[in-house]
Structure formats: structure tokens, C-alpha cells
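Enquirer: Need a 3D model of the following:
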Amino acid sequence: MNWKELIENRNRFFWVLHTAGWLGFALIQFLGSLLHDLRDIFVVVILLNSYAGWMLTVPLRYVYRRAWNLSPLKIAGVIVLTSYVTAVLWQVIRNVNYWEIYKHGYKPDFWLYYTQSSVWSFYIILSWSGLYFGIKYYQMLQKEKQNVLQANTLAHQAQLKMLRYQLNPHFLFNTLNAISTLILVKENTTANAMVTKLSEFLRYSLDKDPMKRVSLENEMQALKLYLDIEKVRFEERLQVVVNIASDCQQALVPSMILQPLAENAIKHAIAVQENGGTITISVNRFGNDLLLELADDGPGAEIKNGNLYRESGVGLVNTRERLQALYKNNYSLVVSQNNPSGVKVNIRIPYELGS
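Expert: A predicted model of the protein is given here:
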């Protein structure tokens, strides 16, 4: 096992640091005993005290885990209280070890003497608590940095994959062929409009950062450009129905998040049917979530565990990677059978408005 694997495994990393810390405490106590010329039996006391400290601080880890999401003031209160209680218990054990082993069964006159020197123990336990939170915060910051790097990497990958979609030779060939046909039949006005739509769509797709979010209104305008281009190919065979709640127009969504899904629907539902079909796009808000749905009425597909069971479904893989990079685990993407036929894709992301 290398150091990177050790650090990334937080549970193992805790036990290594925890054990090493108390061994270090025992070593320091041993070196201090040499200065005071204490008898050899004191080594046993040191080992027992260190082991007691090792055992008593383990529960603190689980207490601090529960308190992690509390307010800073409450966390500080939990740290002070639990550290003090643990320190008192530890000091009682240390005194018992010292008196029973080193002092041959010495008994204090008053039971409260068992807790003497608890302030020093409190300092040690409080230091342990500070190290625990410091290391945990450091790990959290490192994780955030790793997530940023991963997000940037996925952004570049997503951008390359988007270029594969948006500059798909078949898509460009079919679009240019449709424009050429319009010119041949003297439909110059329509051909000019198609060239304009194609240039606007390509400009939008190339300019927008795949890791940035845009308003749903802008996203739908870009999607309309794409669908208008495809309508030249399919004419009446491609029907589009859009249902967007009024309070969702300014909601933020990842740029070009719906285009790969629409492309999949056209490829697997519209193009394969003689009479074409309908793509339905619905967007609603539910509480703090934005719900997006893109459905078709095609022949359907084999679905397994919320995913299309086909290796060519790179559009969904690309979309899922982008959502993961942007929202971590606060999203969902589910593919299911549409009723009465076809496939629908449901996306849930946080509802956020642009500034």
C-alpha cells in the first residue's frame, strides 16, 4: 500500500494516526522519565496510560462525527465538554495506575484526589480533538481540490464529447444537404434561415462552457435551434411539445444538457419510424428541485437499472458525468419506459435562479 492509498482511505488513515499519536505520547513520557531517574516499573505505567488514552479517545471520533454539521459554536461546546469528561476519566485511570503499580497500592485520603491534575489531561485531550478536526478539515479541503480538478478534467472531456455531438459529420452532412436541396428548389429564404440557425447553434455550442450554467430560457432557445434544423430533415415526421412551468424559465441548468438527449430521441425514436414521432419536453419545480423530462413515443428500448441497455448510449454517459461534476450526488438521472410507448429521461437537479 502506498501513501496515497493510505491517505485516501480515511478510516485506515485515522487508525494509523491515532495509534502513532499515542505511541508518540508514550515515547515522550518515557524520555521524560529518564530525566527524573524513575524506576523501570514506570514504563508499565506509561504504557497503560497511553493505552487508556488510546481507548478513551476512540469514542470521541464518533461523537465528533455526529456533531460535524452543527453550528461552529455548538461544535466548540461539544469539543470542550467531551474533552473535559474524557480527560477526567483518563486522569482517574492514570492516577490509579501510578498509585497501584508505582506506589504499591497507595490510596488517597479523599476520593476527589483521583481527579487531580485533570487540567493537564484536559490539555492533552483537547489537543487530540484539535488535531482531529484540523486533519478532517484538511482532508475536506483536499477533497474539494480534487473535486475541482476532476470537474475541470470532466469539463474538458465533456466539451470534447459535445463537439463530437455538435460537429457530428452526419448531422452537418444532413443539415448542409437539406440546405443544398432548398437552394436547388429555389427555397432561398428557407435555406438562408437554415444557414442562420445552423451558425447560431454552432456558435452557442462552441462558446458555452460545459461546466457553466445558463437560464432554462436560453437553453431552450438553443435546443429550439437544433430541433428546427432537424425539422428540415424530418418535416412533419418530427413533432415537438414543450411544457415549461412559468417559475422555471430563469432556473439555472447546465448548458447543452438537453441536446444530447434530444439527439438520442431523434436517432432511436423518430428516424426509425416511418411516421416519425413526437418529442415531449417538460420542466417543473418540486420544492427545491428542478425536474426536467424529455420523452419520445418511439419503439422503446431495453432499460436496466435506470439506464439504456446499449453500448452506444454515450449521450447519457456524457450527461451523467457533467451532472456528477456539477452537483456531486445532489442529482438524479433516470431512464424509463414511456407510456404507452417510447423512452423518457428524467433529470433532477437543485432549483437555483441566476443572479
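Enquirer: What segments of the stretch 151-300 of the chain are helices?
Expert: 169-184, 188-207, 216-234, 259-265 (DSSP state H, counting those that start in this stretch).
Enquirer: Pull the residues that contact stretch 95-112.
Expert: 38-39, 41-42, 44-45, 48-49, 52, 113-117 (C-beta atoms under 8 Å, 6 or more residues apart in numbering). (Each C-beta comes from the backbone N, C-alpha and C, glycine too.)
Enquirer: hmm, back to that, point out the most buried one among the helices of the stretch 151-300 of the chain.
Expert: helix 259-265 (a mean of 24; mean count of other C-beta atoms under 10 Å).
Enquirer: Report all helices and strands that that helix contacts.
Expert: Helix 259-265 sits against helix 118-166, helix 216-234, strand 277-286, strand 289-296, helix 314-327, with contacts defined as 3 or more C-beta pairs under 8 Å, 6 or more residues apart in numbering; DSSP states H and E.
Enquirer: P260 is nearest to which of the ones you listed?
Expert: Nearest to P260 among the helices and strands packed on helix 259-265 is helix 314-327; the distance by C-beta to C-beta comes to 3.5 Å.
Enquirer: Export the closest one to CSV, keeping only CA atoms.
Expert: Below are the C-alpha coordinates for helix 314-327, written out as CSV (Å, rounded to 0.1, in the frame of the first residue of the first chain):
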residue,chain,number,x,y,z
VAL,A,314,-22.8,7.8,-24.9
GLY,A,315,-25.1,10.8,-24.7
LEU,A,316,-26.4,9.7,-21.4
VAL,A,317,-23.0,8.8,-20.1
ASN,A,318,-21.8,12.3,-21.1
THR,A,319,-24.8,13.9,-19.4
ARG,A,320,-24.4,11.9,-16.2
GLU,A,321,-20.7,12.8,-16.0
ARG,A,322,-21.5,16.5,-16.3
LEU,A,323,-24.2,16.3,-13.7
GLN,A,324,-21.8,14.5,-11.3
ALA,A,325,-19.1,17.1,-11.8
LEU,A,326,-21.5,20.0,-11.2
TYR,A,327,-23.8,18.6,-8.4
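Enquirer: which of the residues in that helix are buried?
Expert: Within helix 314-327, the residues scored as buried using 16 or more other C-beta atoms under 10 Å are G315, L316, N318, T319, E321, R322, L323, Q324, A325, L326.
Enquirer: Let me have the helices of the stretch 151-300 of the chain in JSON lines, adding mean pLDDT as columns.
Expert: Shown next, in JSON lines, are the helices of the stretch 151-300 of the chain (pLDDT from 0 to 100):
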{"stretch": "helix 169-184", "mean pLDDT": "77"}
{"stretch": "helix 188-207", "mean pLDDT": "80"}
{"stretch": "helix 216-234", "mean pLDDT": "86"}
{"stretch": "helix 259-265", "mean pLDDT": "86"}
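Enquirer: so can I have TSV of those showing distance to R285?
Expert: Below are those laid out as TSV (distance: least, C-beta to C-beta, whole Å):
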stretch	distance to R285
helix 169-184	32
helix 188-207	25
helix 216-234	10
helix 259-265	19
